[in-house]
Structure formats: structure tokens, C-alpha cells
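Visitor: Got a sequence here, can you build the structure:
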Amino acid sequence: MYKSHKNHVGVDMRRKWWAAVAAAAVVAVVPWLDFAISVADRPIRIRTVIAHRGNGFGKPENTVAAIEAAAKNGFPVEVDVQLSRDNIPHLLHDSTLDRTTSCTGLIADTDAADLALCGVDTLADAIATGATLELDLKVFDAAMITAIKKTMADAKIPPERIIIYASTKSTTVVDTIAAEFSDNVIMWSVEDTAQAKTVWKRFERAKDMYAVDVHTLWANPTLMRWITSRTKQLNVYHATRRWMLAGMPVTHVEVDSPLTFESTNPSPAMPELVYRASAVGLIVALAVGWALRGWAKPQAAYNLIKM
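Guide: Alright, predicted model coming up:
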């Protein structure tokens, strides 16, 4: 009797374990399936692959050499922009010179002449390459905006060749960016639906786009559904493999290895992904049914009690 009871408990625990696994699978699949169905009629084509900091061509990041190599292969380039002490826009990601140059110290404490000796290129140098640039401005203040606009005006660069990557932490910043860079494409980076709605008030559908990282793309279907119901333009960054974007309505992607990203191949059609997701849902449902089989057998429960 004891052995029979022990075996029954073991089977019962295994069923609970499988049920927990199946439930976790449902939780993982259902939100994505809901999103997939909601955007099933929207085209999926990665039209533009952007070289993140000019990476992927064997050149140092955020340099004219990297920009030229990427542009030669047909890619726009994302660059980080910081101001020197004398308010000249330079290409540098970090606030200090230590990681990417042989110099040390804060870029904000260093003049342009000294930065040149450290090998830090200017935004004017980057514009002179003729490449299309996405500018990630590390600070959005009056000095930065004035310096950027002056550099673009001096270079007489067409506005379509400069994309402004913009963080959207406050309404004031959104209003300032929209007003100051009204002629340029603005890539609005958002993390949640509240930020997306704040941006939408100043969003120009003819030229602007939203931007999210790959984690947000998959973890926030509500945000993705909200964005894709309003615009066909969506940029994703931090994606290392193309399969990470499979089935998603992505038009632009920012990567470190653009040549190996298979940029010429279109993404799968959304209906195909919906069918696949439906198949997964069916399999999960069958798994749940199998895991729960026998739980609703009163006779088995009665026999166990009787023993």
C-alpha cells in the first residue's frame, strides 16, 4: 500500500511539473502570438542596415576610417557625438578618452587641438566623408544643439543625410528636438508606451521613426502593437543575429557586423509567422492536455483514499 501511494505521489508530482512547464510556455507564446496577429497585415522588410559606430570593417569605432569603410560598402553609420571644451562636436562614445585613445581625461576638459593629437575625429570630418550619419548626441543641451546645427550649416549638408537619434525622457526634450531638427529624420528611442505617446505629439510620419532595443522588441508586445499601428518605420538596435528579428515589422536595424547580417534577404512574411505561432500554440495545448490527463478521475482518487 505504501509503495502504491508513493508511486502515485511521484506520478502526481511529474504531472504538476509538466503542467508548470506547459503553463510557462503558454505565458511565453501567447503575448507574442497576440502581437503577431495584430500586425499580420503589415509588411516586414529590413530596408536599411546601419553600421553601429562604423563597426564591422576592421577600423576603430567612431572614426573617419570606420565611416569611410562602412559607406564604401553602402551602409549608413551611427556615431556618438560629444563636445570638446571649446564646443566642437567630436566622435566619441565615452565621456573619457581612456578606452579608445592613448590619452586620458574627460573630453569636456580637452580642447579640439589636443583631441586631434589624440586621434579623435570631429563631426565635420565625418560629414566630409559623404556618408549618411545617425548622430547619437550624448548630451541634449543648448551648447550641443548650437554646435551641431552650426556644423551642419557650415558643411551645407542635405538634411536627409543626418539622422538624429533622440532619447525621450522628458516632454521638454522632445519639444526641443522636434523644433530644432525639424528638417532632419528623427529616430525617437522609446522604452514604453508612455514615452511613445509623448513622442507621437511631435512625430512627423513622413520622415521620423521609432527606435527600440531588441529586448524591448520581444518583451513589450503592447508597445510594439501601438507603434506599428501608427507608423511603418521602426529601428531596432542591439540585435546581433537576423533571427532575433524574425517575424517582426522592422524596417531599420543597427548592428556591429552589417556585412554578416544578411541584409539582402527579406524577413519572413508575417502570415507565415502567424501560422508557425499557431502551430506552437496547438502543441502547447496538447502538452497541457497530456500533463493534466487523469487528474479528473474520481475513481482513482477514491481508490487512493480507500487504500
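Visitor: so what's I283 scoring on pLDDT?
Guide: We have a pLDDT of 70 for I283.
Visitor: can I assume M224 sits in a helix?
Guide: Yes. Counting by DSSP: H, G, I helix; E, B strand; the rest coil, M224 is part of a helix.
Visitor: Which strand residues bridge the spatially most central residue of the chain?
Guide: Centroid-nearest residue in the chain: D213, 2.2 Å away (criterion: Cα atoms, centre = their mean). Beta-bridge pairing of D213 under DSSP bridges involves Y237.
Visitor: For it, give me its contacts.
Guide: Applying Cβ atoms under 8 Å, 6 or more residues apart in numbering, we find D213 in contact with V236, Y237, H238. The way it works is simple: take the backbone N, C-alpha and C, and place the C-beta from them, glycine included.
Visitor: Quick check: phi and psi on the spatially closest residue to M152 that is not a sequence neighbour?
Guide: Closest residue to M152 apart from its sequence neighbours, by Cβ to Cβ, 6 or more residues apart in numbering: I162 at 6.1 Å. Reported as degrees, to the nearest 10, the phi and psi values for I162 are phi -120, psi 120.
Visitor: now E78
Guide: Backbone torsions for E78, taken as degrees, to the nearest 10, come to phi -90, psi 130.
Visitor: Same question for H52.
Guide: Torsion angles, degrees, to the nearest 10, at H52: phi -70, psi 110.
Visitor: Show me what it bridges to in the sheet.
Guide: Here H52 sits in beta bridges with E78, going by DSSP bridges.
Visitor: measure it to F261 for me?
Guide: 11 Å (Cβ to Cβ, to the nearest Å).
Visitor: any residues in contact with both of those two?
Guide: Taking Cβ under 8 Å, 6+ apart as the contact criterion, the common neighbours of H52 and F261 are V255.
Visitor: quick one: which of these two has more around it?
Guide: Using other Cβ atoms under 10 Å as the criterion, H52 and F261 rank with H52 on top: 25 against 21.
Visitor: Correct me if wrong: that one contacts H252.
Guide: No. Between H52 and H252 there is no contact under Cβ atoms under 8 Å: 11.9 Å.
Visitor: all strands for the chain, in order.
Guide: 48-52, 77-83, 89-91, 133-137, 162-167, 185-189, 209-213, 234-237, 252-255 (DSSP state E).
Visitor: For those, give me JSON lines that also has mean pLDDT and distance to C103.
Guide: JSON lines is the format used below for those (pLDDT from 0 to 100; distance: least, Cβ to Cβ, whole Å):
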{"stretch": "strand 48-52", "mean pLDDT": "95", "distance to C103": "23"}
{"stretch": "strand 77-83", "mean pLDDT": "98", "distance to C103": "14"}
{"stretch": "strand 89-91", "mean pLDDT": "98", "distance to C103": "12"}
{"stretch": "strand 133-137", "mean pLDDT": "97", "distance to C103": "22"}
{"stretch": "strand 162-167", "mean pLDDT": "94", "distance to C103": "26"}
{"stretch": "strand 185-189", "mean pLDDT": "97", "distance to C103": "30"}
{"stretch": "strand 209-213", "mean pLDDT": "96", "distance to C103": "31"}
{"stretch": "strand 234-237", "mean pLDDT": "94", "distance to C103": "28"}
{"stretch": "strand 252-255", "mean pLDDT": "94", "distance to C103": "28"}
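Visitor: mind listing the helices for the stretch 151-300 of the chain?
Guide: Ranges of helices in the stretch 151-300 of the chain, per DSSP state H, counting those that start in this stretch, are 171-180, 193-200, 214-219, 221-228, 270-292, 298-306.
Visitor: In this structure, where is pLDDT below threshold?
Guide: Low-confidence segments of the chain (pLDDT under 70): 1-16, 19, 22-45, 246-247, 262-282, 284-286, 288-307.
Visitor: Can you give the domain ranges for it?
Guide: As given by automatic domain parsing, the domain ranges for the chain are 1-6+17-43+271-307, 45-267.
Visitor: Out of those domains, which is the most enclosed?
Guide: Most buried of those by mean neighbour count (mean count of other Cβ atoms under 10 Å) is domain 45-267; its value is a mean of 18.
Visitor: quick one: which of the contacts of D213 is nearest to E180?
Guide: Of all the contacts of D213, Y237 has the smallest distance to E180: 22.9 Å, by Cβ to Cβ.
Visitor: Please tell me how far that closest one sits from P159.
Guide: Plainly put, Y237 is 22 Å away from P159 if you go by Cβ to Cβ.
Visitor: Also S189?
Guide: To P159, S189 is 20 Å away according to Cβ to Cβ.
Visitor: next one: phi and psi at the residue lying closest to V173 once chain neighbours are set aside?
Guide: Nearest non-adjacent residue to V173, counting by Cβ to Cβ, 6+ apart: F140, 5.6 Å away. F140 adopts backbone torsions of phi -110, psi 80, taken as degrees, to the nearest 10.
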